[in-house]
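Peer 1: Could you work out the structure for the sequence below:
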Amino acid sequence: MVKKIKGPLDGIVVIELAHIMAGPVCGLMLADMGADVIKVEKVPEGDDSRRFLPPDIEGESASFMIVNRNKRGIAVDLKTEDGKNIVRKMLATADVVIENYRRGTMERLGLGYEILRKENEGLIYCEISGFGRTGPYRDRSGFDLIAQGMSGLMSITGEPDEHPGGNPMKVGVAVSDIFTGLYSTIGILAALQHRDRTGEGQH
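Peer 2: Presented below is the predicted three-dimensional model:
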């Protein structure tokens, strides 16, 4: 009999209200460390990455499966009161929530940090966005390709020197999304350490 080894985050409950890549990568890292990550998908079509084809395995998106391994899942309609109540109940006892909706969406749903912390003062609320929540681009959506283009990364990986003035080219993997997920994971781990010492959650 193979004994399952518990990870360092065993017993930590994470609600993942995130889609596509950066948020799910963060959830993936926490799940791989033993946290109980519950992915909340929209209805009826679920996470958009389910339609990232090819590559696929028997019709299932490989991208979706890669970043959502070791997670449990639930589909909830957050446009309904019943759906919001389901998620609110989950968050009342959760340790961590990860979200990457447009600025203001969680507040409109009644699921913003200031609301949730009143019911769960130890909650760690990780808010992921393309351009931050306070700068001049705060209302813009962000994707990996946009980050690669605006940062100049695509010019570094463009056509070789023998083609002066060659076209820029995206990096083969979603490097901005992956690093965002990793940095978010580091922030959550630090917040968990802070909570262990003080009992306080963080945003």
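Peer 1: how far out from the middle of the chain is the top helix by length along the chain?
Peer 2: Within the chain, and with DSSP state H defining each element, the longest helix by residue count is helix 175-198. Remark: helix 175-198 is offset 11 Å from the chain centroid, using Cα atoms, centre = their mean, to the nearest Å.
Peer 1: in it, what counts as buried?
Peer 2: Residues of helix 175-198 classed as buried by neighbour count (16 or more other Cβ atoms under 10 Å): 176, 177, 178, 180, 181, 184, 185, 188, 189, 191, 192, 195. Heads up, the C-betas are built off the backbone N, CA and C, glycines and all.
Peer 1: Does it pack against any helices or strands, and if so which?
Peer 2: helix 22-32, strand 96-99, strand 124-127, helix 144-151 (3 or more Cβ pairs under 8 Å, 6 or more residues apart in numbering; DSSP states H and E).
Peer 1: Next up, the contacts around residue 143.
Peer 2: With contacts defined as Cβ atoms under 8 Å, 6 or more residues apart in numbering, residue 143 is in contact with 20, 130, 177.
Peer 1: centroid residue for this protein?
Peer 2: Of all residues in the chain, the one closest to the mean position by Cα atoms, centre = their mean is residue 23, 1.1 Å from it.
Peer 1: List the contacts of the spatially closest residue to that residue that is not a sequence neighbour.
Peer 2: In this structure, residue 23 finds its nearest non-sequential neighbour in residue 100, 4.1 Å apart by Cβ to Cβ, 6 or more residues apart in numbering. For residue 100, the contacting residues are 17, 18, 19, 20, 22, 23, 127, 128, 129, taking Cβ under 8 Å, 6+ apart as the criterion.
Peer 1: No further queries at this time; thank you.
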